[in-house]
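sharing a model prediction with you, sequence too.
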There are 2 protein chains.
Amino acid sequence: MDEEKTALMFRALGDATRLHIFNFLRVCCCPVAVEDTGEVRPVAGPTVGDVCCHITGADRINSTISHHIKELRLAGLLTVERRGKNMLCGINHKAVDALAAYLAEPGADEPDTGGDCCT
Amino acid sequence: MDEEKTALMFRALGDATRLHIFNFLRVCCCPVAVEDTGEVRPVAGPTVGDVCCHITGADRINSTISHHIKELRLAGLLTVERRGKNMLCGINHKAVDALAAYLAEPGADEPDTGGDCCT
DNA sequence: AAATTATTTCGTTATTTCGCGAAATATCCA
DNA sequence: TGGATATTTCGCGAAATAACGAAATAATTT
């Protein structure tokens, strides 16, 4: 996973509102289908409106939430797909797993420059 | 791990320069001591100057790098300790592990609100 | 004590981000 | 076709952030 993309994901999660959205979608029921291509898309799940309702408490959709969801999507952490009038949100588990692995395995994608860097 | 703190960590890693610093420190040799209190501190390792040199290529310390290191430290991801004239940097593995676990275990710290959120 | 080295803090400027409301777009229903 | 619903895009002002150089602080050497 390239560093640019990784930073983008971390950045997306580095906002209280977005992290809240992300958590909600993770604990929420979000059945997904995996295409032959490997692409993952939500089969059912909360709409952008549901998310907005849960996060803000308001029953009207908020442009701010829409914007945050877009940012999470651009980072690759969310999938969003139109279903009629609604947009269904789902977690991109593959991306989340990759990010978790990144944190768990130090320097897996970096040439080892250690040894000549200590004082 | 509380959500506020988690977002702070993600935010700290969500900048290309800081992620670069973080990666450098992870692959670099960074022996640490664990105190009786559980506190972790670097025993040896790259100084702020070493980090700056590696990241920017310049041989002079840069206030920008100093600032980024401070931010990583405030997020709890780095430990910084004075050793004579220098400041030694080290990774706070405990915090990194906690962050990795957070990503790996969906909703471990969130009450399950699923079931009534799908359309 | 003065000079030197390593690093942080401060003040400034340019850029980005956040939240908001209004307008635009897309889809469905009558 | 004309609404109604769901969502995104646009434009705005306020607040946060990033990079930079200069000054300040801390520890070491002479």
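That came through fine. Numbers count the residues shown, from 1 in each chain, chains lettered A, B, ... in the order given.

at the geometric centre of chain A, which residue do we find?
A:L77 (2.2 Å; Cα atoms, centre = their mean).

relative to chain B, how far out is it?
For A:L77, the distance to chain B under the criterion Cβ to the nearest Cβ, to the nearest Å works out to 10 Å. Yep, even glycine has a C-beta here, placed from its N, CA and C like the rest.

tell me where chain A has helices.
A:3-13, A:16-27, A:48-56, A:63-74, A:93-104 (DSSP state H).

tell me how far the third one is from the chain's mean position?
Translated: helix A:48-56. Computed by Cα atoms, centre = their mean, to the nearest Å, the separation of helix A:48-56 from the middle of its chain amounts to 16 Å.

shouldn't A:G14 be in contact with B:L13?
Yes: using Cβ atoms under 8 Å, A:G14 makes contact with B:L13 at a distance of 7.3 Å.

touching, A:L13 and A:F22? I think so.
Yes: taking Cβ under 8 Å as the contact criterion, A:L13 and A:F22 are neighbours in contact, 6.2 Å apart.

got the buried residues for stretch A:76-92?
A:G76, A:L77, A:L78, A:T79, A:V80, A:M87, A:L88, A:C89, A:G90, A:I91, A:N92 (16 or more other Cβ atoms under 10 Å in any protein chain shown).

out of those, which is nearest to DNA strand C?
Of all the buried residues of stretch A:76-92, DNA strand C sits closest to A:M87, with 9.4 Å by Cβ to the nearest atom of the strand.

quick check: closest non-adjacent residue to that closest one.
Nearest-residue entry for A:M87: A:V48, 4.7 Å, with adjacent residues in sequence omitted and distances by Cβ to Cβ, 6 or more residues apart in numbering or on different chains.

contact partners for the one you found?
Counting by Cβ atoms under 8 Å, 6 or more residues apart in numbering or on different chains, A:V48 makes contact with A:I61, A:I65, A:S66, A:I69, A:V80, A:N86, A:M87, A:C89.

just A:L8 next, same as before
Residues in contact with A:L8, defined by Cβ under 8 Å, 6+ apart, are A:L74, A:A75, A:G76, B:G14.

coming back round to it: A:G14 and B:L13: which has the busier surroundings?
Neighbour count, other Cβ atoms under 10 Å in any protein chain shown: between A:G14 and B:L13, B:L13 has more, with 26 against 21.

the more buried one touches B:H20, doesn't it?
No: with contact defined as Cβ under 8 Å, B:L13 does not count as touching B:H20 (10.5 Å).

find residues that contact each of A:L13 and A:F22.
Going by Cβ under 8 Å, 6+ apart, residues that sit against A:L13 and also against A:F22 are A:L77.

low-confidence regions, chain A specifically.
Of all residues in chain A, those with pLDDT under 70 make up the ranges A:29-44, A:106-119.

tell me the residues of it that contact DNA strand C?
Neighbours of DNA strand C within chain A, by Cβ under 7 Å from any atom of the strand: A:11, A:15-18, A:62-64, A:67-68, A:71, A:82, A:84-85.
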